[in-house]
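Student: pasting the sequence and the predicted coordinates here, then a few questions.
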Amino acid sequence: SQQGEEDPQALSIQEGENATMNCSYKTSINNLQWYRQNSGRGLVHLILIRSNEREKHSGRLRVTLDTSKKSSSLLITASRAADTASYFCANAGNMLTFGGGTRLMVKP
Amino acid sequence: NAGVMQNPRHLVRRRGQEARLRCSPMKGHSHVYWYRQLPEEGLKFMVYLQKENIIDESGMPKERFSAEFPKEGPSILRIQQVVRGDSAAYFCASSPLKGVDYGYTFGSGTRLTVV
């Protein structure tokens, strides 16, 4: 399977703490993308990191990519209750292939 | 500029009936992707279409499922003779160019329940 795997599957933290989610993938990629899904909703594109990039920032989001280890991480700093959602990585080959997601709960 | 529109939001079908799911991509987007999601799981790719063409249907079950994206009108995902195992959320996404290079815009999904 080309599907990525997120780790952990579930994460519960207090508001203000940082949340780190990891993603591993199996095949070579053009880029790796992170998406967020609120319960019962569609996915929202958060950030894209290209295969020749190692780190990227967007607001409170920081994404790293290690192509030698076929892994990526998403860090959300100073988390808020509104960050509660599922987060998916997607590796971009011919189309996007999604992992199983990390369910993040941020307690107020 | 409306986003990706999917309808209906919820669809209930009895076993053996047909389900038709519609997706109108964002204005200016000519690439459409369909994914299926089971509860507590990630999205599974089904099919990638451009206007009037199926580009990749490697994720589509061989029987009962079909998809189209006509020159005019929305993309349609059609499931014939539905079974309980077809119950899932079906998401459509669109992109202006090859989406893997830029990211997809997703609709809110159609939740199909087969009773």
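Tutor: Here it is on my side, so go on.

Student: partners of the lowest-mean-pLDDT helix or strand in chain A, with directions?
Tutor: Ranked by mean pLDDT, DSSP states H and E, the weakest helix or strand in chain A is strand A:5-7, scoring a mean of 84. Sheet pairing here is set by DSSP bridges, and for strand A:5-7 it gives strand A:19-24 (antiparallel).

Student: who's in contact with the strand it pairs with?
Tutor: Residues lying outside strand A:19-24 but in contact with it, judged by C-beta atoms under 8 Å, 6 or more residues apart in numbering or on different chains, are A:4-8, A:11, A:13, A:32, A:34, A:69-76, A:79, A:83, A:87, A:89, A:99, A:102, A:104, A:106. Heads up, the C-betas are built off the backbone N, CA and C, glycines and all.

Student: what does chain B put close to chain A?
Tutor: Where proximity means C-beta under 8 Å from any C-beta of the partner chain, the interface of chain B facing chain A comprises B:4, B:33, B:35, B:40-45, B:48, B:56, B:91, B:93, B:99-109.

Student: derive a ChimeraX selection command for the buried subset of these.
Tutor: The buried subset of the residues of chain B next to chain A, as determined by 16 or more other C-beta atoms under 10 Å in any protein chain shown, is captured in ChimeraX by this line:
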select /B:4,33,35,42,43,45,48,91,93,99,100,103,104,105,106,107,108,109
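
Student: tell me which of the residues of chain B next to chain A fall in helices.
Tutor: Judged by DSSP state H, the subset of these located in helices is empty.

Student: out of the residues of chain B next to chain A, which sit inside strands?
Tutor: The strands, defined by DSSP state E, take in B:33, B:35, B:43-45, B:48, B:56, B:91, B:93, B:105-106 from the residues of chain B next to chain A.

Student: thinking again about what came up before, give me the buried entries from the contacts of strand A:19-24.
Tutor: Neighbour counting with 16+ other C-beta under 10 Å marks A:4-6, A:11, A:13, A:32, A:34, A:70-74, A:76, A:79, A:83, A:87, A:89, A:99, A:102, A:104, A:106 as buried within these.

Student: for the residue nearest the centre of chain B, give its distance to chain A.
Tutor: Ranked by distance to the mean C-alpha position of chain B (C-alpha atoms, centre = their mean), the top residue is residue B:34 at 3.6 Å. According to C-beta to the nearest C-beta, to the nearest Å, residue B:34 stands 11 Å off from chain A.

Student: before we move on, what about residue B:5?
Tutor: As defined by C-beta to the nearest C-beta, residue B:5 lies at a distance of 11 Å from chain A.

Student: what's residue 71 in contact with, if anything?
Tutor: With no chain named, the answer covers chain A. Under the criterion of C-beta under 8 Å, 6+ apart, the contact list for residue A:71 reads A:22-25, A:65.

Student: ah, I was thinking of chain B
Tutor: Residues counted as contacts of residue B:71 (C-beta under 8 Å, 6+ apart) are B:51-52.
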